[in-house]
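**Q** Just to be clear, the model below is a prediction. Sequence and coordinates:
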Amino acid sequence: MPNKPILLIAFGGNALIKKGQSGTASQQLSNLTAPLEQLAKLSRDYRIVITHGNGPQVGNLLLQQEACSEVPTMPLEIIGAMTQGQIGYMIESTLDTSLMFLGIEDKRFVTLITYVVVDDNDPGFANPTKPIGPFYSPEDADKVPYTLKMTDKGLRRVVASPRPKTIVERHEIKQLVDMDFIVICCGGGGIPVIRHGRKFTGVEAVIDKDLASSVLASEIRADLFVIATDVSGAYIDWGKDGQALLKSLSVEELREYSRQGQFPSGSMDPKVRAIAEFVEKTGNRGVICNLDDITEAIAGRSGTQVTRA
Ligand SMILES: NC(=O)OP(=O)(O)O
């Protein structure tokens, strides 16, 4: 119903493949079960948009493409589009099962191919920062023909990641949401495109899904923006003896911790910036939480809760 609040929830691609897993289809489908059972229940009270990352999946598909010389290798934005179908299918099939078990037979859902406009002069093209694919040992660094960078979780291949400016299908997404479809979109941060008037051209990059989700959440005026990941929220002094979960704070306080460098640049800081931008633009609540705690976090009892005041 149109009067239900709009919840936009973003799942990390890393959260679909847990630490130590290779990322088989059955592992990813199994990892989706707990979050989607929660979302199926929440669909009674919220209009829902699901976005998702693709870092591990897009990197794995790229490796498969590069390993085969018999057929042409696709450019990165087309591989990103493949992950929208791949992960969208896994989310749809798991959601369908969850809705069926709850006896919610009339709920409709759809996965939408989504373009996201970027600027062709974005500095992200010259300085690759987006980690994709598997982790590498330091001994591998000299053996692979692509750029590796040390992230807070380990050594990974990195690709260009321009900032998202606008979501091309935002009106279609809003209309589907208002019809109470659960909409799965903006997969992998969206397919990066440059706009030339009415024409869009794909560019080789992977957009940060948290930043793209924040743009979409503001553009469709979501009432609540949740980033669900593999940790319980944003921590200060992460990895140190006194590390502490930030439970409830204002957007100014969150920005100040970010300025102090409290959040790792390749993982938590983009989530913090995405939530801060949404709260500043809309005045609505933003939450960072664990994938298993979505319901509790939406109720305000778990995760990091960020508000304007
Ligand atoms: N595209 C993207 O941000 O993916 P991850 O969330 O998997 O890093």
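**A** Received the coordinates, thanks.
**Q** Tell me where the stretch 101-250 of the chain has helices.
**A** Using DSSP state H, counting those that start in this stretch, the helices of the stretch 101-250 of the chain run over residues 170-178, 209-219.
**Q** distance of Arg221 from the ligand?
**A** 23 Å (CB to the nearest ligand atom, to the nearest Å). Bear in mind the C-beta positions are built from the backbone N, C-alpha and C, glycine included.
**Q** where's the nearest residue to His52 once chain neighbours are set aside relative to Arg47, distance?
**A** Spatially, and ignoring its direct neighbours in sequence, His52 is nearest to Phe11 (4.4 Å; CB to CB, 6 or more residues apart in numbering). To Arg47, Phe11 is 17 Å away according to CB to CB, to the nearest Å.
**Q** Which one of those two is surrounded by more residues?
**A** Phe11 (28 against 25; other CB atoms under 10 Å).
**Q** can you pull the pLDDT of whatever residue of the stretch 201-309 of the chain ends up closest to the ligand?
**A** Scanning the stretch 201-309 of the chain for proximity to the ligand using CB to the nearest ligand atom identifies Lys209 as nearest, at 3.5 Å. pLDDT recorded at Lys209 is 97.
**Q** Kindly report the same for Asn3.
**A** 82.
**Q** switch to numbering from 48
**A** Let's use 48 as the start, then, which means that last one is Asn50.
**Q** burial measure for it, as a count.
**A** 5.
**Q** Mean neighbour count for the helices of the stretch 148-297 of the chain - can I get that in JSON lines?
**A** Putting those into JSON lines (neighbours: other CB atoms under 10 Å) gives the following:
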{"stretch": "helix 217-225", "mean neighbour count": "17"}
{"stretch": "helix 256-266", "mean neighbour count": "27"}
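**Q** Distance to Ile283 for the ones you listed - can I get that in CSV?
**A** Compiled in CSV, those are given as follows (distance: least, CB to CB, whole Å):
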stretch, distance to Ile283
helix 217-225, 34
helix 256-266, 19
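**Q** tell me the phi and psi of the residue lying closest to Pro52 once chain neighbours are set aside?
**A** Nearest-residue entry for Pro52: Asp270, 3.8 Å, with adjacent residues in sequence omitted and distances by CB to CB, 6+ apart. Phi and psi for Asp270, reported as degrees, to the nearest 10, are phi -80, psi -20.
**Q** picking that back up, so what pLDDT did the residue nearest to His99 get?
**A** At Phe58, pLDDT is 95.
**Q** what's across from it in the sheet?
**A** His99, Ala275 (DSSP bridges).
**Q** Nearest approach to Asn101 belongs to which of the helices of the stretch 148-297 of the chain?
**A** helix 256-266 (7.2 Å; CB to CB).
**Q** circling back: any idea how far Glu219 is from the residue of the stretch 248-356 of the chain closest to the ligand?
**A** Distance of Lys256 to Glu219, computed by CB to CB: 19 Å.
**Q** sorry, back to before: am I right that the residue of the stretch 248-356 of the chain closest to the ligand is in contact with Asn61?
**A** No - in this structure, Lys256 is not within contact of Asn61 by CB atoms under 8 Å, at 10.4 Å.
**Q** any shared contact partners between these two?
**A** Gly100 (CB atoms under 8 Å, 6 or more residues apart in numbering).
**Q** what does the chain put close to the ligand?
**A** Gly59, Gly60, Asn61, Gly100, Asn101, Gly102, Gly235, Gly236, Val253, Asp255, Lys256 (CB under 6 Å from any ligand atom).
**Q** One more pass at 8 Å, please.
**A** Residues of the chain lying close to the ligand by CB under 8 Å from any ligand atom are 57-63, 99-105, 127, 177-179, 208, 235-236, 253-257, 259, 317.
**Q** For the ligand, what's the nearest residue on the stretch 98-247 of the chain?
**A** The nearest approach of the stretch 98-247 of the chain to the ligand comes at Gly100, 2.1 Å away (CB to the nearest ligand atom).
**Q** Double-check that residue against Val253; I have them as touching.
**A** No - Gly100 is not in contact with Val253 according to CB under 8 Å; the separation is 9.1 Å.
**Q** which residues do those two both contact?
**A** With CB under 8 Å, 6+ apart, Gly100 and Val253 have common neighbours Gly235, Gly236.
**Q** Give me the mean pLDDT for the helix or strand that Gln131 is a member of.
**A** Using DSSP states H and E, the secondary-structure element containing Gln131 is helix 123-148. Across helix 123-148, pLDDT averages out at 98.
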